[in-house]
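Peer 1: Sequence plus predicted model, see below.
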Amino acid sequence: MSEHKPNYTQADMMTVVMARLLRDRERVFHGVASPIPMVAVQLAKRRQAPNLVYLSITGAVDGLPEAFPRETTTDGRLLRNTASLFSLTEIFDLSARGQLDTAFLGGVQIDQYGNLNLSVIGDFHKPKVRLPGGAGSAALLPTTKRAILWRTKHDPKVFVEKLSFRTAVGNVDKVITPLGIFSKEDGRLKLWRVFPYSSVEEITSLTGFPIEKSPDFAVAKAPTPEELAILQEIDPNNVRAVEF
Amino acid sequence: MSEHKPNYTQADMMTVVMARLLRDRERVFHGVASPIPMVAVQLAKRRQAPNLVYLSITGAVDGLPEAFPRETTTDGRLLRNTASLFSLTEIFDLSARGQLDTAFLGGVQIDQYGNLNLSVIGDFHKPKVRLPGGAGSAALLPTTKRAILWRTKHDPKVFVEKLSFRTAVGNVDKVITPLGIFSKEDGRLKLWRVFPYSSVEEITSLTGFPIEKSPDFAVAKAPTPEELAILQEIDPNNVRAVEF
Amino acid sequence: MSKLLSLAAAVGLIKDGDTVALGGNTIQRSPAAFAREMARRKKRNIELVKTAGAYDVDLLALAGCLSAVHAGYIGFENMGLAPNYRKAVEGGQTQAKEHACYTVIAGLRAAAYGIPFMPVAGFLGSELLEVRDFKLVKDPFTGQEVVAVQKLQPDWAVIHVHEADVEGNGRILGSQFEDALMTRAAKGVILTAERIVDKSQFQKHPESVAIPGFLVNAVVELPGGAAPGSCYPLYDANIEAIRSYLAMAPEALDDYLKEVR
Amino acid sequence: MSKLLSLAAAVGLIKDGDTVALGGNTIQRSPAAFAREMARRKKRNIELVKTAGAYDVDLLALAGCLSAVHAGYIGFENMGLAPNYRKAVEGGQTQAKEHACYTVIAGLRAAAYGIPFMPVAGFLGSELLEVRDFKLVKDPFTGQEVVAVQKLQPDWAVIHVHEADVEGNGRILGSQFEDALMTRAAKGVILTAERIVDKSQFQKHPESVAIPGFLVNAVVELPGGAAPGSCYPLYDANIEAIRSYLAMAPEALDDYLKEVR
């Protein structure tokens, strides 16, 4: 990492680039345990995507929480402001019929094809570590128009050559890490952005699969003062950093 | 018919025997165009079946209308008193999973097996008469625990040797006509009750298939003064007679 | 993002040949005024989807709009058959794609769930299996055969609601019928509403708002839009008007459409 | 017909070996007090059904009640893994019948709709297809292959609601999660309720009452029954209590169950 200490955190960086990927009017979903997407959606709505349709497990449509819950992203606080309820079942149906634009999904392990493992380390039936499970991913990843993955650790145990188990496969578009962003192009994750405080070398050394740069590779723009100001305003308790 | 004019109508008789067939606590459904079942359910609830669960297309559960609608049985008036909504879709599901006790269904033609035609007279694709269609019957008749059919005309065009078209087949238990009641036993409709003002001979002459008596054959008990009094109270506008 | 349109503009979204699901049930809360405007605009080769229909379907049949009707029941209940629908089917202009109401629901569910077909219980023994496009499918777990209904995805769902906001959130009081499912199954949704309310009204009771605005393409303010049918608890069906419609000579349709707005 | 029972009597309805669906989602409105009573009564060989679970599932795993868990996600979200569920699965006492949450829903739908299986979109490419009991089925209309999920019919659905009447009508405020579906899929339904209200309260707003009484076998008055989870908007999750549960040594369970009612 650069020695010059930036005026923003890795959590800020991840939240800001995630928000920038969102488009106005699209239908966006996040599930359990998704603090960064929860904050990024509100940031995007304050900037380029005021009419983004925000869906979550709570059933809220365009929930606008006064404060973000810290330990969970399925909390009733997300219901504030909603004018109708659209349940998780309905969100899966929406995705299944091809009408969900963006789903945020995580992965304990992610491979170079953007496939992910949330199930087990070791054998499925006699696991060394039983992980929480893929939640919606096996159903959503193949049906959402695009998935944006994120993981707040970037090391070779996360970005692996081979998954212990393939929980889900599908329409991954981008993978956001604390150091940069992969883009799935021609069926593989290519390095698309490196964050200002990291480097291709650092990412290469911390990734379990070979790094290839995207034709659109660039250094990501640092969070702007405006972005940071909005973040501070909407998330003063720094819930976006809770996964670090 | 007997020359002694009874103090009740054929509609009263049909309504009363229909109500007597209902049991306490059972789940009972009627659909569109079902004035006699609509009234019979309330009569049964006032007598032997206070906890009968009454379901209709309106979504009402145990609706208790102040007055019965005359032209339709899907009217919002049936919603009065309901404490939850249980839609038509849910009623079909309930029946499909084997939890609907009794469904009331009609038939423009009914054969000796209790199969019914509500679709066409003539060829299905080039019909002589296009009938309204079977509504729920093809789905409900095979899945409800029992169906009670009724028809306010008893003649050889209704009770036919051969249906023009077989719309639905299934768990018919009883068929109520203005003259008597058939019971399905060993796969066939047997004459189970004859109404006091009719006779086996009359029914035989007005039925298109051969009449065989049920081992339990009897003359139906005429409506009691108590039954008639309740009918008068709950249905002073004689909606039960609207199909005559 | 207001989605408010005039009735004419909303009807204009529907193209000849489209498949259109109509909300409500028989003479209850069906989009009657919308159907009349479709008739005025001489929509052609429309395939209707409805569980149980009456005035709306019959009027569109009379106006020559319908190539086919997917429905479980078309009739006027205790008032009798649907005369013009009957004639259109018997004359061969309109195809009766008869369903059990439940198979309409199953087809809509398949569309809403993004699957090509729905298995459905019951239905065996019905000759509808032979004359209509239902099939059997084997349960891969037990080998048991079950009826399969193909996905039925309308181009449009047209729903008459009590209240809508300009973004398309819609609230139905009382009987919901199969309307919410139709809005999920269809590619596009048009609401006609007794009145337009502020979104803040819905934000107080989101659980009573069955139709989220993001599924809706257009909203038409249309008080009385279900008449001569009912819109419980706002108004009852106008039985006299329905009986007079039923008694009308087919040639009188143009005058009728001019007169009844 | 009052269906009011004590908590103990309601838990007594559940037999060893039963399959039990629990309402709520993660730490929101799950039937936590009911789960503790199941633990106290040493229910054995229970198969749980849940879309996303946390405290309820973890506690029952710790108490040795669970032979299997059908779920999409079991964990404490931003607070970490479910330690006792993990151990029970890793030790072989409890089988993780992992689903995508949507396939739990699909299995419940099959049960609710009375069909042996549900086709479901997506899921292809997941190794869950190979290690779990999912199959492929051919769409009889197009020949396209689609994933089939077998009917998942719980013996019981246990749902914590805000309000119930003695007949079993139940009202949930805010997030409904998949609870209504569970009540349709299960053979029997038990409600625990923050408060018992008079039926007339529901008769004013029947459209907000998601669970009709006739599906319900037992109602337990149980204020705070979702704690330490939330019951929005009545109370938030008690995070301190959850963290202290997570830090607890397994041997402390008996004391914990005595202390926490």
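Peer 2: Now that the structure is in, tell me what you want to look at.
Peer 1: ok, the residue nearest to A:Asp75 when sequence neighbours are not counted - contacts?
Peer 2: Once flanking residues are discounted, A:Asp75 sits nearest to A:Pro69: 3.8 Å by CB to CB, 6 or more residues apart in numbering or on different chains. Placement of C-beta: from N, CA and C, glycine included. Residues near A:Pro69 by CB atoms under 8 Å, 6 or more residues apart in numbering or on different chains: A:75, A:77-78, A:239.
Peer 1: again, only using 10 Å
Peer 2: Applying CB atoms under 10 Å, 6 or more residues apart in numbering or on different chains to A:Pro69 gives the contacts A:35, A:38, A:75-78, A:237, A:239, A:242, D:27-28, D:77-78, D:230, D:236-237, D:239.
Peer 1: what does C:Asp133 give?
Peer 2: Shown in contact with C:Asp133 (CB under 10 Å, 6+ apart): C:97, C:107, C:149-150, D:141.
Peer 1: which of these tops the neighbour count?
Peer 2: The most crowded member of the contacts of C:Asp133, judged by other CB atoms under 10 Å in any protein chain shown, is C:Val149 (27 neighbours).
Peer 1: in what helix or strand does the nearest residue to that one once chain neighbours are set aside lie?
Peer 2: Nearest residue to C:Val149 in three dimensions, chain neighbours excluded: C:Ala106, at 4.0 Å (CB to CB, 6+ apart). Element membership of C:Ala106, judged by DSSP states H and E, is helix C:101-112.
Peer 1: Can you name the secondary structure element that comes next after that helix?
Peer 2: Counting by DSSP H and E, the next helix or strand C-terminal to helix C:101-112 is strand C:117-120.
Peer 1: check whether the helix or strand following that following strand contacts chain D.
Peer 2: Sequence order places helix C:128-131 as the next helix or strand after strand C:117-120, per DSSP H and E. No - using CB under 10 Å from any CB of the partner chain, helix C:128-131 never reaches chain D; the gap is at least 12.2 Å.
Peer 1: Other residues contacting helix C:128-131?
Peer 2: Where contact means CB under 10 Å, 6+ apart, the residues beyond helix C:128-131 that reach it are B:119-120, B:123-125, B:133-134, B:138, B:165-168, C:97-100, C:103, C:123, C:134-136, C:147.
Peer 1: Just the residues you listed: which are in helices?
Peer 2: Among the contacts of helix C:128-131, the members falling in helices (DSSP state H) are B:138, C:103.
Peer 1: rewinding a little: run the chain-centre distance for the helix holding C:Ala106.
Peer 2: Here the centre of helix C:101-112 is set off from its chain's centre by 13 Å, with CA atoms, centre = their mean, to the nearest Å.
Peer 1: and C:His205, how many neighbours?
Peer 2: By the criterion of other CB under 10 Å, C:His205 has 15 neighbours.
Peer 1: which stretches of the chain form helices?
Peer 2: Using chain A here. With DSSP H as the criterion, chain A has helices spanning A:10-20, A:35-46, A:88-96, A:137-140, A:200-205, A:225-234.
Peer 1: ah, no, chain C please
Peer 2: With DSSP H applied, chain C shows helices at C:7-12, C:32-40, C:55-62, C:83-90, C:101-112, C:128-131, C:179-185, C:199-204, C:239-247, C:253-259, listed in chain order.
Peer 1: and the shortest one, average pLDDT?
Peer 2: Mean pLDDT, helix C:128-131: 94.
Peer 1: got the buried residues for that helix?
Peer 2: For helix C:128-131, a neighbour-count test (16 or more other CB atoms under 10 Å in any protein chain shown) marks C:128-129 as buried.
Peer 1: the domain parsing of chain C - what is it?
Peer 2: As given by automatic domain parsing, the domain ranges for chain C are C:7-116+C:151-251, C:117-150.
Peer 1: end to end, how far does the last one reach?
Peer 2: Domain C:117-150 stretches 4 Å from its first residue to its last (CA to CA, to the nearest Å).
Peer 1: and if you look at stretch A:66-85?
Peer 2: Rule used - CA to CA; the end-to-end distance of stretch A:66-85 is 18 Å.
Peer 1: Please state the offset of that stretch from the chain centre?
Peer 2: That offset, for stretch A:66-85, works out to 18 Å (CA atoms, centre = their mean).
Peer 1: Surely C:Pro140 touches D:Lys151?
Peer 2: No - using CB atoms under 10 Å, C:Pro140 makes no contact with D:Lys151, being 12.0 Å away.
Peer 1: anything in contact with each of these two?
Peer 2: With CB under 10 Å, 6+ apart, C:Pro140 and D:Lys151 have common neighbours D:116-117.
Peer 1: Looking at those two, which is more packed in?
Peer 2: Set side by side, C:Pro140 and D:Lys151 show more neighbours around D:Lys151, with 22 against 17, by other CB under 10 Å.
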